[in-house]
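Visitor: below: sequence and its predicted model.
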Amino acid sequence: MQKQTLQDQEILTDMLSSQKQTAAHFNMFAGECSDQNLKNDMLNILRDEQTIQTNVFCEMNKRGWYPTCPAPRQMVEQARTKYEGIAQQLG
């Protein structure tokens with residue numbers, strides 16, 4: 001039987017996927033906490049998980065394994081305007 005090893009790209013891809021799922025779960029947990037201290041703990045953990053997720057993404061991007069294209073400035077401004085308007089309506 002031949003032993004197979006994972007390559008760096010496969011490992012980082014798995015890590016990124018896991019971090020996305022973990023962050024989503026902590027986000028959901030934080031939103032459902034009725035105790036403020038527990039909610040704060042969940043939000044702190046969520047922030048940590050998002051930092052890890054960002055670090056993994058940046059490493060993959062640096063290696064060319066998760067390329068992104070910069071958004072045109074006009075699209076960024078349109079998105080900002082749209083979501084600022086939604087925030088004002090909700091606030």
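Guide: Alright, I've got the coordinates. Owing to the predicted nature of the structure, the values given are computational and were not obtained by experimental measurement.
Visitor: how confident was the prediction at the closest residue to residue 68 other than its chain neighbours?
Guide: Distance criterion CB to CB, 6 or more residues apart in numbering; nearest residue to residue 68, sequence neighbours excluded, is residue 61 at 6.5 Å. Quick note: C-beta positions are derived from backbone N, CA and C, even for glycine. What the model reports as pLDDT for residue 61 is 96.
Visitor: okay, and residue 61 sits in which element?
Guide: Assessed by DSSP states H and E, residue 61 sits inside helix 36-62.
Visitor: that helix: what's the following helix or strand?
Guide: helix 73-90.
Visitor: any weak-confidence spans in this structure?
Guide: Regions of the chain meeting the criterion pLDDT under 70 cover residues 1-2, 4.
Visitor: mind running it again at 80?
Guide: Within the chain, the set of residues satisfying pLDDT under 80 comprises 1-5, 91.
Visitor: quick one: residue 67 and residue 61 touch, right?
Guide: Yes: using CB atoms under 8 Å, residue 67 is in contact with residue 61, at 6.8 Å.
Visitor: so what touches the helix or strand that contains residue 28?
Guide: If you go by DSSP H and E, residue 28 is part of helix 8-32. Outside helix 8-32, the residues within contact range by CB atoms under 8 Å, 6 or more residues apart in numbering are 6, 39, 42-43, 45-46, 49-50, 52-53, 56-57, 59-60, 63, 65-66.
Visitor: buried subset of these?
Guide: 42-43, 45-46, 49-50, 53, 56-57, 60, 66 (16 or more other CB atoms under 10 Å).
Visitor: and the residues you listed as JSON lines, adding distance to residue 75?
Guide: Formatted as JSON lines, the buried ones among the contacts of helix 8-32 follow (distance: CB to CB, whole Å):
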{"residue": "42", "distance to residue 75": "33"}
{"residue": "43", "distance to residue 75": "30"}
{"residue": "45", "distance to residue 75": "32"}
{"residue": "46", "distance to residue 75": "27"}
{"residue": "49", "distance to residue 75": "28"}
{"residue": "50", "distance to residue 75": "23"}
{"residue": "53", "distance to residue 75": "23"}
{"residue": "56", "distance to residue 75": "26"}
{"residue": "57", "distance to residue 75": "20"}
{"residue": "60", "distance to residue 75": "23"}
{"residue": "66", "distance to residue 75": "20"}
